[in-house]
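Enquirer: Got a predicted structure plus its sequence, pasted below:
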Amino acid sequence: MSRRTYPVEIGSQHVELPVVSLSQQLALALLITVDMGVEFMRRAGEELAELLKPYDVDIVATVATMGIPVAIEVTRSLGLDQYVILHKTPKIHLSDAVSEPVRSITTDADQRLLFDRARINDVAAKRVAIVDDVISTGASTGAALRLLHSIGANVVAIGTLVTEASLWKAALGEDAQRVHALGSIPVFRPDGDGGFVEDWRG
């Protein structure tokens, strides 16, 4: 594959994602939700919400930042009003946050997911759906699961616009069966001629 974009179906929508090198051995097709436009996100949110409706979700949770547009549209489409955010950067209201370590494929350093203690009652003993833009290694999703479970949430489903390769399945273990996606993409390895080849294993 020599082109620098990758075609993918995300539910009913076709997009061309830019392929960007992360290192000399790895490139990713980037789905940047904040650049996708209002109509794309509205339809994607509706279609993902349809996959989550059978789980009788009380509230949606996501990991900042790219998951926020997904959470807004899924929440709206499920007829709910509130959603919760697991942050990766400290904010003034998170000085006493519940936290969980995480390392993302697109981040060089270890981070922590932070959850506002003032929102615990919004998820404790509630049926929660975690939604995100991409599930890749499963690290962020796994950390979100651990954090939400630690504060008493009942995570009933996981929704994502796309899954990336398949490392996430092993990382999530039995929770991998909770994942519902609108599409899937590989990661990419150099082909030796200046292009990339698809790697569905990761």
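Expert: Cool, got the structure.

Enquirer: Give me the residue at the spatial middle of this structure.
Expert: residue 132 (2.5 Å; C-alpha atoms, centre = their mean).

Enquirer: Helix or strand next in line after the helix with the most length in the chain, which one?
Expert: Longest helix in the chain, counting residues (DSSP state H): helix 38-52. For helix 38-52, the following helix or strand on the C-terminal side (DSSP states H and E) is strand 59-63.

Enquirer: as a whole number, average confidence for that next one?
Expert: Across strand 59-63, the average pLDDT comes to 98.

Enquirer: From here on, call the first residue 480.
Expert: Happy to do that; since the first residue is 480 now, the last one works out to strand 538-542.

Enquirer: That strand - contacts with which helices or strands?
Expert: Secondary-structure packing of strand 538-542 (3 or more C-beta pairs under 8 Å, 6 or more residues apart in numbering; DSSP states H and E): helix 547-556, strand 562-565, helix 599-602, strand 606-614, helix 618-629. All C-beta atoms are positioned from the backbone trio N, CA, C, and that covers glycine.

Enquirer: Direction included, what does the lengthiest strand in the chain pair against?
Expert: Longest strand in the chain, counting residues (DSSP state E): strand 633-643. The strands beside strand 633-643 in its sheet (DSSP bridges) come out as strand 606-614 (parallel), strand 658-664 (parallel).

Enquirer: Give me whichever of these is most buried.
Expert: Mean neighbours per residue, mean count of other C-beta atoms under 10 Å, is largest over the strands paired with strand 633-643 for strand 606-614, with a mean of 26.

Enquirer: what angle separates it from helix 547-556?
Expert: 140 degrees (axes from the mean of the first three to the mean of the last three C-alpha atoms, to 10 degrees).

Enquirer: Just the C-alpha atoms of strand 606-614, please, in CSV.
Expert: Output in CSV follows, covering the C-alpha atoms of strand 606-614 (Å, rounded to 0.1, in the frame of the first residue of the first chain):
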residue,chain,number,x,y,z
ARG,A,606,-25.5,0.8,34.0
VAL,A,607,-22.6,2.5,32.2
ALA,A,608,-21.5,2.4,28.6
ILE,A,609,-17.9,3.4,27.9
VAL,A,610,-17.6,5.0,24.4
ASP,A,611,-14.5,6.2,22.6
ASP,A,612,-13.2,7.1,19.2
VAL,A,613,-10.7,4.3,18.7
ILE,A,614,-9.9,1.2,20.7
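
Enquirer: Show residues contacting that strand.
Expert: 510, 512, 527, 531, 534-542, 545-546, 548-550, 553, 619-620, 623-624, 627, 632-643, 647, 658, 660, 664 (C-beta atoms under 8 Å, 6 or more residues apart in numbering).

Enquirer: redo that, cut-off 6 Å
Expert: Strand 606-614 is touched from outside by 510, 512, 531, 535-542, 545-546, 549-550, 553, 620, 623, 627, 632-643, 647, with contacts defined as C-beta atoms under 6 Å, 6 or more residues apart in numbering.
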